[in-house]
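**Q** Sequence unavailable; structure follows:
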């Protein structure tokens, strides 16, 4: 049984847990979901999901709980919205002194699709078919190496990407798949 954590400091925690459990049933891959709030919770995980929320707040809470060293060791990480920002090697619009995991070769531009009031839902093209994507103060993602495979597009823009680095796997989406589909969670579980 895989142990998959969901960073549970802020953001769409319950939605990711629900999507993860549904994906687990669809894939016939049993998982133990761990709500990660402390360094101890992050130990021995097979993967972790970094939900949306507010990247500055997530960063500060991770620092306060000394979670960076433990999360940096996890082999599989899936970040949505603010979680994708946390994964990015480069972040445009970052708050001075904000810390990131900086593991994935993407550039994330914070709030690129507008403010909270400009949030929207749109049809997007993914490697799994066309789905509805929910964008809430979403970052723009730009793959920064040929190793980053686009997984979803909104028009011509990449809104989800996957990268394998050695034995590590990183998945990032600027939208919130947990609100409309389990396809990305299924892909994450199968990595």
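**A** It's in. Everything numeric here is computed off the predicted structure, so don't read it as measured data.

**Q** end-to-end on stretch 40-47?
**A** 14 Å (Cα to Cα, to the nearest Å).

**Q** same question for it, mean pLDDT?
**A** The average pLDDT for stretch 40-47 rounds to 97.

**Q** Name the residues of that stretch that come out as buried.
**A** 41, 42, 45, 46, 47 (16 or more other Cβ atoms under 10 Å). Any C-beta I mention is one placed from the backbone N, CA and C, and that applies to glycine too.

**Q** and the third one, which of the three is it?
**A** Secondary structure of residue 45, reduced to three states by DSSP: H, G, I helix; E, B strand; the rest coil: coil.

**Q** just to revisit the earlier point, closest to residue 68 among the buried residues of stretch 40-47?
**A** residue 42 (9.8 Å; Cβ to Cβ).

**Q** picking up where we left off before, which single one of the buried residues of stretch 40-47 is nearest to residue 74?
**A** Nearest to residue 74 out of the buried residues of stretch 40-47 is residue 45 (Cβ to Cβ; 5.4 Å).

**Q** surely that closest one meets residue 35?
**A** No - in this structure, residue 45 is not within contact of residue 35 by Cβ atoms under 8 Å, at 11.4 Å.

**Q** Give the residues shared as contacts by those two.
**A** residue 5 (Cβ atoms under 8 Å, 6 or more residues apart in numbering).

**Q** could you measure residue 5 against residue 47, distance?
**A** Counting by Cβ to Cβ, to the nearest Å, the gap from residue 5 to residue 47 is 7 Å.

**Q** Having no further points to raise, I will conclude here.
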